[in-house]
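Chemist: the following comprises the amino acid sequence and a computationally predicted model.
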Amino acid sequence: VQLVESGGGLVQAGGSLRLSCEASGSIFSINAMGWYRQVPGKQRELVAAITSGGKTNYADSVKGRFTISRDNPKNTVYLQMNSLAPEDTAVYYCNVGGKELVSGQLRNLEVWGTGTLVTVSS
């Protein structure tokens, strides 16, 4: 299973970006999809997550500014980021959990994307 992330880049404070992450491969089912971020010297932290049923969870620091959504038929998760601030600068990683089908066997699946850099200038 592979994840392809897109949408990162450089934006001024107060601006917006939309991240996308598409999963492909031997996917049987996807449960949780989420976005994490990491800055040098710090641990990776959860930004937002969404279940297959649409239940969402956000870090306190992004509530009211970021919105996570997903397109189940496309195995794609999005992160709409508004009112960006310099402290949002980080590498953003997509994470997908579920089940994959390998040689006729169902296996637990957890996969990470390679990350996309978001830089917010002041």
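Modeler: Arrived safely, thanks for sending. Numbering: from 1, shown residues only.
Chemist: how close does the spatially closest residue to residue 116 that is not a sequence neighbour get to residue 100?
Modeler: Leaving aside its chain neighbours, residue 116 sits nearest to residue 8 (3.4 Å; criterion: C-beta to C-beta, 6 or more residues apart in numbering). Where you see a C-beta, it was placed from the backbone N, CA and C, and this is true even at glycine. Residue 8 is 26 Å from residue 100, where distance means C-beta to C-beta, to the nearest Å.
Chemist: with residue 121 instead?
Modeler: Applying C-beta to C-beta, the value for residue 121 to residue 100 is 39 Å.
Chemist: what do you get for residue 42?
Modeler: Residue 42 is 31 Å from residue 100, by C-beta to C-beta.
Chemist: for the two, indicate the residue with more neighbours.
Modeler: Under the criterion of other C-beta atoms under 10 Å, the comparison of residue 42 against residue 100 puts residue 100 first, with 19 against 9.
Chemist: so who does the more buried one touch?
Modeler: Residues in contact with residue 100 (C-beta atoms under 8 Å, 6 or more residues apart in numbering) are 1, 25-28, 106-109.
Chemist: out of those, who has the most neighbours?
Modeler: Busiest of the contacts of residue 100 [other C-beta under 10 Å] is residue 109, holding 21 neighbours.
Chemist: separation between it and residue 81?
Modeler: Note on residue 109: its distance to residue 81, by C-beta to C-beta, is 26 Å.
Chemist: same check on residue 8?
Modeler: 10 Å.
Chemist: likewise residue 23?
Modeler: 20 Å.
Chemist: those two: who's more crowded?
Modeler: residue 81 (25 against 22).
Chemist: which residues touch that one?
Modeler: Counted by C-beta under 8 Å, 6+ apart, residue 81 has contacts 16-19, 62, 65-66, 88, 118.
Chemist: now with 10 Å, please.
Modeler: Residue 81 makes contact with 7-8, 11, 15-19, 35, 47-48, 62, 65-68, 88, 92, 118, 120, according to C-beta atoms under 10 Å, 6 or more residues apart in numbering.
Chemist: show me these that map onto strands.
Modeler: Residues of the contacts of residue 81 located in strands (DSSP state E): 11, 17-19, 35, 47-48, 66-68, 92, 118, 120.
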